[in-house]
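Chemist: Sequence first, predicted model second:
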Amino acid sequence: MLTPQQSVEHYENFPVASILLPRRFRKPVAAVYHFARHADDLADEGDAEPAARLAALAECSAELARIEAGETPATPRYQALAAVVRDYGVPVSLCEDLLSAFRQDVTQSRYADFGELVNYCRRSANPVGRILLHIFGEVSPRHLAMSDGICTALQLVNFWQDVAIDWTKDRVYLPQDELAKYGVTEAQIAAGRVDAAWQRLMRFQVDRTRRMLKAGAPLANALPGRVGFELRLTVLGAATVLDKLDAGGYDVFRHRPVLGKGDWPRIVWRAWRRK
């Protein structure tokens with residue numbers, strides 16, 4: 001799975017096949033990662049026009065349709081994904097959910113309320129955890145629900161630490177109604193002004209995200225062996241970033257909170273103690 005540092009960076013909530021992951025899982029996890037990362041980059045990287053980005057994502061959906069129909073995909077990337085779908089019973093709909101979120105990144109840059117934002121996370125983040133549970137053979141209603149909580153929280157952590165970066169892309173993931181409630185304007189985000197109103201807004205976001213992360217955290221102890229250990233690292237890493245947001249007074253404009261080398265020993269120790 002992702003290290004704590006990787007779990008809150010771009011592509012922020014997708015575990016890759018690290019050396020801690022049991023060898024039998026590395027190839028299928030890597031295949032899904034490369035599919036998701038490639039599609040995400042089509043939506044988010046470079047200087048292509050929106051129409052070109054959407055056309056490229058439509059080609060991705062066409063490859064998924066071939067997999068769904070039992071046909072051979074046209075590209076090696078999707079041929080590898082097809083093997084994962086076949087061997088682990090991964091629903092193709094989960095992959096299409098990711099593509100729908102990437103298309104939304106092209107066409108939508110503001111979110112009216114938290115419900116709208118969570119709906120985006122349901123498609124941009126939650127499918128990741130669900131796909132992994134299929135690969136690990138750990139699918140159950142309870143596991144799926146906890147995974148959704150963790151993945152949504154990881155996505156939100158990334159949003160809160162990346163407010164300034166997203167602004168440069170004309171994206172604001174803070175819900176519009178909550179900006180208004182706390183008296184924060186987009187002009188203030190543009191100016192990078194941290195005042196009491198901004199701190200109240202961000203404290204609310206961080207506290208809510210921390211509760212979501214905590215609610216899903218028992219999954220890390222429910223999953224066996226190294227899989228559970230990596231998930232504990234990821235959860236603790238995300239929680240540490242939230243702590244850094246608190247400690248820094250939510251000034252994400254001058255200091256993006258990330259994990260450093262000094263954070264790792266404590267995170268690893270805590271993850272190991274909870275085994």
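Modeler: Structure's in. What do you need? Numbers count the residues shown, from 1 in each chain.

Chemist: Neighbours of residue 76, how many?
Modeler: For residue 76, the count of nearby residues is 10 (other CB atoms under 10 Å). For every residue, glycine as well, the C-beta is placed using N, CA and C.

Chemist: Quick one: low-confidence residue ranges for the protein.
Modeler: The chain contains residues with pLDDT under 70 at 1-19, 275.

Chemist: State the distance from the most far-flung residue of it relative to its centre to residue 92.
Modeler: Largest separation from the mean C-alpha position in the chain: residue 71, at 29.7 Å (CA atoms, centre = their mean). Distance of residue 71 to residue 92, given as CB to CB, to the nearest Å: 12 Å.

Chemist: now residue 143
Modeler: Taking CB to CB as the measure, residue 143 falls 20 Å from residue 92.

Chemist: And for residue 256?
Modeler: Residue 256 is 36 Å from residue 92, by CB to CB.

Chemist: what's the answer for residue 263, then?
Modeler: 38 Å.

Chemist: now do residue 38
Modeler: Separation of residue 38 from residue 92 (CB to CB): 16 Å.

Chemist: Residue 134 reaches residue 89, doesn't it?
Modeler: Yes: with contact defined as CB atoms under 8 Å, residue 134 reaches residue 89; the gap is 5.8 Å.

Chemist: Which one of the two is surrounded by more residues?
Modeler: Taking other CB under 10 Å, residue 134 and residue 89 do not tie; residue 134 has more neighbours (21 against 11).

Chemist: List the contacts of the more buried one.
Modeler: Residues in contact with residue 134 (CB atoms under 8 Å, 6 or more residues apart in numbering) are 88, 89, 90, 91.

Chemist: need the helices for the stretch 51-200 of the chain, in chain order.
Modeler: Here the stretch 51-200 of the chain has its helices, by DSSP state H, counting those that start in this stretch, at 76-88, 92-107, 114-124, 126-136, 141-161, 163-168, 176-181, 186-191, 196-216.

Chemist: looking at these, which is buried most?
Modeler: helix 126-136 (a mean of 24; mean count of other CB atoms under 10 Å).

Chemist: And for residue 171, the neighbour number?
Modeler: 17.

Chemist: which residues does it contact?
Modeler: By CB under 8 Å, 6+ apart, the residues touching residue 171 are 105, 109, 110.

Chemist: quick check, nearest of those residues to residue 149?
Modeler: The nearest member of the contacts of residue 171 to residue 149, counting by CB to CB, is residue 105 at 22.2 Å.

Chemist: can you tell me which residues contact the closest one?
Modeler: Contacts of residue 105 by CB under 8 Å, 6+ apart are 43, 44, 124, 171.

Chemist: Contact partners for the residue lying closest to residue 185 once chain neighbours are set aside?
Modeler: Spatial nearest neighbour of residue 185, excluding adjacent residues (CB to CB, 6 or more residues apart in numbering): residue 179 at 7.0 Å. By CB under 8 Å, 6+ apart, residue 179 lies in contact with 172, 185, 186, 201.

Chemist: picking up where we left off before, identify whichever of the helices of the stretch 51-200 of the chain lies nearest to residue 231.
Modeler: Nearest to residue 231 among the helices of the stretch 51-200 of the chain is helix 141-161 (7.6 Å), distances taken as CB to CB.

Chemist: Remind me what the closest one packs against, helices and strands.
Modeler: Under the contact criterion of 3 or more CB pairs under 8 Å, 6 or more residues apart in numbering; DSSP states H and E, helix 141-161 touches helix 114-124, helix 126-136, helix 196-216, helix 218-222, helix 225-247.

Chemist: Check the offset of the third one from the chain's centre.
Modeler: So that's helix 196-216. 17 Å (CA atoms, centre = their mean, to the nearest Å).

Chemist: Equivalent analysis for stretch 226-238, please.
Modeler: In terms of CA atoms, centre = their mean, the gap separating the centre of stretch 226-238 from the centre of its chain is 14 Å.
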